[in-house]
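# give me coordinates for this.
(one chain, ligands or ions: 1)
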Amino acid sequence: MAYRRGMLRLHDTLTGTVSPLELREPGSVTIYACGPTVYDLPHLGHGRYVLVWDVLRRHLIASGLSVRFVSNITDIDDHIIERAAQEGRTEPDVAAEFEQEWFSAMAKLSVLRPDAVPHATEFVVQMVELIERLLDAGVAYQTSDGVYLEVAHVADYGLLAGQPLESLRAGARIEAHAEKKSPLDFALWKAAKPGEPVWDASFGAGRPGWHTECVVMSLDLLGEGFDLHVGGQDLKFPHHENERAQAVALGHTFCRHWGHSGWVMVGNEKMSKSLKNFTSLTDLLSTSDARAYRLLCVQSHYRAPLEVTGETIAAAEVALQRLDNMARRFRLDDLSGEPVVLSDFELDETLRQGFVEAMDDDLDTPKAFATLATAVSAANAAADDGDEARGLRLAKTVAVLLGSLGIFLKSGLSDIDVAASTLASQRDEARKNKNWSEADRLRGELEALGYTVEDRAGETFLSR
Ligand SMILES: [Zn+2]
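Numbers count the residues shown, from 1 in each chain. Sure thing, here's the model as predicted:
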């Protein structure tokens with residue numbers, strides 16, 4: 001299916017409106033998502049923003065677009081240095097450990113690996129060049145502890161935060177930093193301190209500030225005017241504002257569109273480490289079906305806050321069971337986990353259309369999922385009424401559309417070995433011949449092998 005301009009409408013943080021995603025190059029989408037700082041286990045908030053943008057990425061692929069998705073790893077920063085010092089390790093050692101933890105959690109969540117994973121430490125030369133250009137342009141200045149960007153020189157600073165410079169300045173924390181011209185000015189470069197990793201630069205040895213790496217890496221890998229820059233709500237200000245400020249100060253358009261996903265709530269408070277409601281994603285994934293968190297995210301709009309508790313996860317697991325049961329009932333083949341392209345499948349057209357329309361309307365996943373939940377009931381009802389063909393068509397469509405969200409059903413059929421299938425066929429035969437005692441004996445044998453035996457539409461239905 002070819003991409004029609006303006007097909008996907010997405011909320012743009014810059015304009016505050018839902019507008020068509022106008023692409024730099026029709027047919028292909030370039031996306032930059034800020035990745036993790038690897039100094040600890042990923043938390044639930046990380047899981048949510050990653051799932052939201054993975055759902056978007058998969059939906060664009062499903063719609064027939066080619067997508068280039070870049071997401072960085074911040075492998076040098078204060079937290080990494082602190083942890084390394086505390087544990088008597090090197091910074092690269094700490095970063096490598098938690099990058100591995102990150103990708104292991106992502107794999108469990110079926111999050112597609114980015115097409116490129118730039119590491120901050122690989123781009124320091126380019127960052128130094130950018131800072132030199134900002135100094136030359138007179139928008140940055142040096143202090144005894146580094147180089148700062150003077151935000152007063154950026155005409156529309158505050159656009160992403162949705163507040164003008166004056167009100168941001170009034171709300172800024174006053175720091176005891178005599179050399180900074182404004183509390184909003186931010187560090188592009190941190191001068192060398194004893195015991196910290198350093199890189200050479202014409203303006204003095206040191207290390208890059210966080211806001212500089214994403215500007216450099218996104219423009220380097222995706223080019224000027226790339227399509228979409230995304231991240232969690234917490235990155236909107238100051239991180240994204242400051243990324244954008246550097247690009248704009250040098251005359252770049254930067255990206256065409258900004259997307260931000262909502263908070264994760266624990267109780268009534270937003271998730272953050274400073275509130276001490278840190279719950280690791282690694283813990284959640286070791287105690288629940290990894291698909292449940294994705295389903296929970298899908299059931300809520302990506303810009304709304306999401307409450308993650310034991311109850312909401314358990315409810316998502318129950319919903320998954322109902323979906324898996326449908327896959328078993330209709331003996332659907334499991335999908336591989338790879339991105340689904342809708343045009344590769346024969347689908348129920350009405351269902352596909354309703355689903356895609358909801359997705360294209362600012363990723364209305366709750367509505368899209370609701371159409372699928374209704375279709376599951378319709379598929380079961382059709383089969384109960386003897387219309388197996390209609391039931392099967394709906395069930396297959398549901399499974400493929402769920403696959404386009406990255407939710408892959410498990411029919412459990414591959415768990416059933418040949419011996420059990422043979423016994424099930426013998427039992428069907430016995431029942432056809434009204435040999436009930438033999439059918440019961442075979443049921444007992446199957447149960448002894450660890451199967452749950454159900455009668456569905458005149459056939460023995462096995463699951464584990
Ligand atoms: Zn970033």
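# so how far is the first residue of stretch 341-348 from its last?
Between the opening and closing residues of stretch 341-348 we find a distance of 15 Å, counting by CA to CA, to the nearest Å.
# which stretches of the stretch 251-400 of the chain have low pLDDT?
Regions of the stretch 251-400 of the chain meeting the criterion pLDDT under 70 cover residues 267-278.
# which positions in the protein make contact with the ion?
When proximity is defined as CB under 5 Å from the ion, the chain approaches the ion at 34, 214. The way it works is simple: take the backbone N, C-alpha and C, and place the C-beta from them, glycine included.
# the same query, at a cut-off of 8 Å, please.
Along the chain, the residues adjacent to the ion under the rule CB under 8 Å from the ion are 32, 34-35, 72, 74, 210-211, 213-214, 218, 231, 235, 239-240, 243.
# surely residue 48 and residue 294 touch.
No: under the criterion of CB atoms under 8 Å, residue 48 is not in contact with residue 294, lying 9.8 Å apart.
# one step back: please pick the buried ones from the residues of the chain next to the ion.
The neighbour count (16 or more other CB atoms under 10 Å) marks 32, 34-35, 72, 74, 210-211, 213-214, 218, 231, 235, 239-240, 243 as buried among the residues of the chain next to the ion.
# tell me which element the closest residue to the ion within the stretch 151-300 of the chain falls in.
Of all residues in the stretch 151-300 of the chain, the one sitting closest to the ion is residue 214 (3.1 Å; CB to the ion). Element membership of residue 214 [criterion: DSSP states H and E] is helix 210-222.
# report all helices and strands that the strand or helix carrying residue 292 contacts.
Following DSSP H and E, one finds residue 292 within helix 290-298. For helix 290-298, the contact count by 3 or more CB pairs under 8 Å, 6 or more residues apart in numbering; DSSP states H and E identifies helix 44-62, helix 281-287, helix 310-329, helix 365-384 as packing neighbours.
# so how far is the third one off the chain centroid?
Spelled out, it's helix 310-329. Centroid separation for helix 310-329 versus its chain: 21 Å, with CA atoms, centre = their mean, to the nearest Å.
# repeat that for the first one.
Shown here is helix 44-62, whose average C-alpha point lies 3 Å from the average C-alpha point of the whole chain (CA atoms, centre = their mean).
# ok, the nearest residue to residue 120 once chain neighbours are set aside - contacts?
Spatial nearest neighbour of residue 120, chain neighbours left out: residue 213 (4.3 Å); criterion: CB to CB, 6 or more residues apart in numbering. Contacts for residue 213 (CB atoms under 8 Å, 6 or more residues apart in numbering) come out as 72, 74, 120, 123, 127.
# now do 10 Å
34, 72-77, 118-124, 126-127, 130, 243 (CB atoms under 10 Å, 6 or more residues apart in numbering).
# how about residue 131?
140, 142, 146-147, 149, 188-189, 201-203, 206, 208-209, 212, 216, 246.
# how close does it sit to the ion?
Residue 131 is 16 Å from the ion, where distance means CB to the ion, to the nearest Å.
# after the host helix or strand of that residue comes which helix or strand?
Applying DSSP H and E as the criterion places residue 131 in helix 124-136. For helix 124-136, the following helix or strand on the C-terminal side (DSSP H and E) is strand 140-143.
# and that next one, which strands flank it?
The sheet places strand 140-143 alongside strand 146-149 (antiparallel), with pairing taken from DSSP bridges.
# for the closest residue to residue 300 other than its chain neighbours, name its beta-bridge partners.
With CB to CB, 6+ apart as the criterion, residue 300 has its nearest non-adjacent residue at 4.8 Å, and that residue is residue 306. The residues paired with residue 306 through beta bridges, assigned by DSSP bridges, are residue 264.
# thinking again about what came up before, farthest-separated two in the contacts of residue 131?
Comparing all pairs in the contacts of residue 131 by CB to CB, the longest separation belongs to 142 and 216, at 19.2 Å.
# higher neighbour count, these two?
The residue with more neighbours, out of residue 142 and residue 216, is residue 216; 25 against 16, by other CB atoms under 10 Å.
# element containing the residue nearest to residue 195 when sequence neighbours are not counted, please.
Using CB to CB, 6+ apart and skipping the chain neighbours, the partner closest in space to residue 195 is residue 85 (7.1 Å). Of the helices and strands defined by DSSP H and E, residue 85 is found in helix 78-87.
# mind checking pLDDT for the residue of the stretch 1-150 of the chain found nearest the ion?
The shortest separation between the stretch 1-150 of the chain and the ion is 3.1 Å, found at residue 34 (distances taken as CB to the ion). Residue 34 is assigned a pLDDT of 97 by the prediction.
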